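Q: Coordinates for the following, if possible.
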Amino acid sequence: MARTNKVGIDYFPFDVDFFNDEKIEFTSARFGIKGEIIAIRLLCKIYRSGYYTNWNEDECTLLAKRAGDGITPTLVSDIVKELAKRGFFEKSLFDRFNILTSKGIQKRYFEITSRYKQVDVFKEYLLINLEFRDNVNIITINVNNNPNNTHTCTQIEIESKLKLKTNNAALINADINGDFKDVISEWLEYKKSRRESYKNQKSINAFISKLKNLSGNSPEVARKIIDESMSNNWAGIFELKPQKATSFSGLNKRVNLFDENN
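A: Predicted coordinates:
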């Protein structure tokens, strides 16, 4: 009996020579075990959603948060670029469509989904020949169905930039009392650089209240809080935590880092 139209898969074969692959060895040489962990997490992420995954700043931030243990969005981004450079991911598709995939990933995925009722694929993303597959529905990317369409993104980007300029200017000039004014202003500029904004004075007041609560009403602590968020490229602020050890100790800790649902 054929399976349903499920897109992702629940498992994938793991090559015993994975760590001996030169692509991984070069990445490990630069980033250590963190490079290997991120590579495996990315494979889990891709197969969970199908034969590729979209890659952007938000996905990078979420993956870094889930990996934990001192892994920042910047580090994850650098690892992904190294993996694409080494051919672990197809660089041409990474540069053109902002997706992560490869011939090997697609070959394994379509072998596993051979009994699926139907599998929809984008023609422009394909790296292998699927003409012999009866259950494959090949779709051509266009303006309407391409989530990464360049022209659409450009128009949205222009409109967002104009809107952010107006909104943030009003918020930065709002009446912010006490020694927190410089800290708040710097945070708003950071949000503006991310093409994000607070929509009204009520939302900015809520942010100020949260920052004061997290910092114990201390401008010095508030400064550390926003510095930590900005250095990690976070969209929000969080309570400062004790310095965590960067070493990996214990087998259980290693296993947890490989769990994408962590």
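Q: was I right about L93 contacting F122?
A: No: judged on Cβ atoms under 8 Å, L93 makes no contact with F122 at a distance of 10.0 Å. Every residue, glycine included, has its C-beta placed from N, CA and C.
Q: and these two? which has more neighbours close in?
A: Between L93 and F122, counting by other Cβ atoms under 10 Å, L93 is the more crowded of the two (20 against 17).
Q: Report the spatially closest residue to that one, excluding sequence-adjacent ones.
A: Nearest non-adjacent residue to L93, counting by Cβ to Cβ, 6 or more residues apart in numbering: I99, 5.5 Å away.
Q: isn't that neighbour right next to N54, touching?
A: Yes: using Cβ under 8 Å, I99 is in contact with N54, at 5.7 Å.
Q: Spatially nearest residue to E82 (excluding sequence neighbours)?
A: Per Cβ to Cβ, 6+ apart, closest to E82 is T27, 5.1 Å.
Q: Within the helices and strands, which one has G35?
A: Per DSSP states H and E: G35 is located in helix 33-49.
Q: Show me what the helix or strand following that helix is packed up against.
A: On the C-terminal side of helix 33-49, the nearest following helix or strand under DSSP H and E is strand 53-54. Using 3 or more Cβ pairs under 8 Å, 6 or more residues apart in numbering; DSSP states H and E, the elements in contact with strand 53-54 are helix 33-49, strand 99-100.
Q: in the longest one, what's buried?
A: Residues of helix 33-49 classed as buried under the neighbour-count rule (16 or more other Cβ atoms under 10 Å) are 34-43, 45-47.
Q: and of those residues, the nearest to I141?
A: Taking Cβ to Cβ as the measure, I141 sits nearest to I46 out of the buried residues of helix 33-49, at 18.4 Å.
Q: need the contact list for that closest one.
A: Counting by Cβ atoms under 8 Å, 6 or more residues apart in numbering, I46 makes contact with 52-53, 100-101, 105.
Q: gap between it and E90?
A: Distance of I46 to E90, computed by Cβ to Cβ, to the nearest Å: 12 Å.
Q: Just to check, S102 is in contact with E90?
A: Yes: contact criterion Cβ under 8 Å: S102 and E90 qualify, at 5.2 Å.
Q: Thanks a lot, see you next time.
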